[in-house]
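S.K.: Show me how the following folds:
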Amino acid sequence: MAVMEKLKMFIVQEPIVAASCLIGGFGLFLPAFVRPMLDSFESSKQVPQPALSDWSVWVEVELRLLRPKPTI
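M.R.: Predicted coordinates for the structure are as follows:
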């Protein structure tokens, strides 16, 4: 039998397994194409960095570091 006939028979006999394989294939290969596109879009946007004289940012960071961590 040809490969396509075997594939058709497999899909008819095991539709859940065939659908799972299809979904898994998209899950594996789609990020390989989508992620680089998203990265290129994000890199085109330049985010302004906060000024070093903005003390509110530094104070907030220091307060986070000084807070005691909750214990369970």
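S.K.: quick one, phi/psi of Glu14?
M.R.: phi -130, psi 70 (degrees, to the nearest 10).
S.K.: which residues sit against stretch 16-25?
M.R.: 10-11 (CB atoms under 8 Å, 6 or more residues apart in numbering). In this view, the C-beta of every residue, glycine as well, is placed from N, C-alpha and C.
S.K.: Only the buried residues of that stretch, if you could.
M.R.: For stretch 16-25, burial by neighbour count (16 or more other CB atoms under 10 Å) applies to no residue.
S.K.: Only C-alpha atoms, please: export that stretch in CSV.
M.R.: The C-alpha trace of stretch 16-25 is given here as CSV (Å, rounded to 0.1, in the frame of the first residue of the first chain):
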residue,chain,number,x,y,z
ILE,A,16,-7.9,10.8,18.6
VAL,A,17,-4.3,9.7,18.2
ALA,A,18,-4.1,11.3,14.7
ALA,A,19,-5.5,14.6,16.2
SER,A,20,-3.0,14.4,19.1
CYS,A,21,-0.1,14.0,16.6
LEU,A,22,-1.3,16.9,14.6
ILE,A,23,-1.7,19.2,17.7
GLY,A,24,1.7,18.0,18.9
GLY,A,25,3.3,18.8,15.5
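S.K.: does Ile23 count as helix, strand or coil?
M.R.: helix (DSSP: H, G, I helix; E, B strand; the rest coil).
S.K.: Much appreciated, bye for now.
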